[in-house]
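> Requesting a structural model of the entry that follows:
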Amino acid sequence: MKEKILLIDDDTSLLVTLSDFLNFEGYDVTTADSGEQGLAKLKGLEPDLIILDMSMPGMGGVGFLREMSSAEGKPEYPVLVLTARANMADFFATMDVDGFIAKPCEPDDLLAAINKILGSSPVKAGVDRQVGARRKVLLAEDDAAVNENLISAFARAGYLVESVLKGPDVLEKAIVGKPDVVVMKLVLANMNGDAVAGMLSEMPNTESIPIVLYDDSGAGGPEEKYRKAVKSIRKLLTENNPPALVAAVEQVLAG
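Residues are numbered from 1 along each chain as shown. Have a look, this model is predicted:
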């Protein structure tokens, strides 16, 4: 039987990314975007672990912990605190929680923290890793709904996904995160994908990162135009179809 995780965070993109990743790893994940919603989900759920963000509007993580704890302050279920405030580790260490991990965190580190608390490695429920397992995709898409759909598609295919909404953000994330591939919409807010690709190809630490562009505007520009201008652009698709983009990435990474 799959172990159940209740994931609580007000970052919608993070909820999608982590829930898809943990589902792929064999866990049964339920999500909530606030402490209040988390309490409501608990009425019909007995999780093996709660992964809890502390900095949320409303009651926040502290209020959620207080509401689901006994009079002695003991949480009803094991809790792994996930927070961007790494400097608050000492504060959380004084609370009766089972683990603490700062975000952003590496997926392997999160899995290690989960396994340490649960005392076992997750069961994959017969799901084999696909070509993309553990490869990192940096995704740039400024339509939030499309962004979430693509995150889910790549996560289901076994990729680790980091997403941004604006062209300039790709530059910073590519330098720091060192993705295996960048997937970008051609027409992006603040800076178009081909311009971003050109800048990435000129920097020594990002010039070798392959890039997949897609143009969903219907303009239908020629692929060779962009590939000749920027050698790191390996593919140009004329749609944002998730399976097609996953297939394009797998082909590019396969060489």
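> how near is R135 to K103?
Going from R135 to K103 by Cβ to Cβ, to the nearest Å gives 21 Å. Any C-beta I mention is one placed from the backbone N, CA and C, and that applies to glycine too.
> And those two? Which one has more around it.
The neighbour comparison of R135 against K103 (other Cβ atoms under 10 Å) goes to R135, with 19 against 15.
> Let me see the contact set for the more buried one.
158-160, 180-181, 253 (Cβ atoms under 8 Å, 6 or more residues apart in numbering).
> mind checking pLDDT for it?
pLDDT recorded at R135 is 84.
> now it: how far from G177?
Counting by Cβ to Cβ - R135 and G177 are separated by 12 Å.
> which residue ranges form the strands in this protein?
4-8, 28-32, 49-53, 79-83, 99-102, 136-140, 160-164, 181-185, 211-214, 233-237 (DSSP state E).
> will you turn these into TSV that also has mean neighbour count and distance to N147?
As requested, the strands of the chain are exported to TSV (neighbours: other Cβ atoms under 10 Å; distance: least, Cβ to Cβ, whole Å):
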stretch	mean neighbour count	distance to N147
strand 4-8	23	19
strand 28-32	20	17
strand 49-53	26	20
strand 79-83	24	21
strand 99-102	18	24
strand 136-140	25	7
strand 160-164	22	5
strand 181-185	25	9
strand 211-214	26	13
strand 233-237	20	16
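> Mean pLDDT lowest where, among these?
Lowest mean pLDDT of these: strand 99-102, a mean of 81.
> and that strand, what does it pack onto?
With contacts taken as 3 or more Cβ pairs under 8 Å, 6 or more residues apart in numbering; DSSP states H and E, strand 99-102 sits against strand 79-83, helix 89-93, helix 107-118.
> Partner strands of that strand, with direction?
In the sheet, strand 99-102 lines up against strand 79-83 (parallel) (DSSP bridges).
> Check the offset of the partner strand from the chain's centre.
16 Å (Cα atoms, centre = their mean, to the nearest Å).
> Report the angle between that strand and strand 49-53.
On the basis of axes from the mean of the first three to the mean of the last three Cα atoms, to 10 degrees, strand 79-83 is oriented at 20 degrees to strand 49-53.
> Would you mind pulling the contact partners of strand 79-83?
By Cβ under 8 Å, 6+ apart, strand 79-83 touches 9, 49-55, 61, 65, 92, 95, 97-103, 105, 110, 113-114, 117.
> hmm, try it at 7 Å
With contact meaning Cβ atoms under 7 Å, 6 or more residues apart in numbering, strand 79-83 is reached by 9, 49-55, 65, 92, 97-103, 113-114, 117.
> what about the closest residue to M203 other than its chain neighbours, neighbour count?
Nearest residue to M203, sequence neighbours excluded (Cβ to Cβ, 6 or more residues apart in numbering): I175, at 7.3 Å. Using other Cβ under 10 Å, I175 is surrounded by 12 other residues.
> I175 against I209, yeah?
No. If you go by Cβ atoms under 7 Å, I175 and I209 don't touch, sitting 10.0 Å apart.
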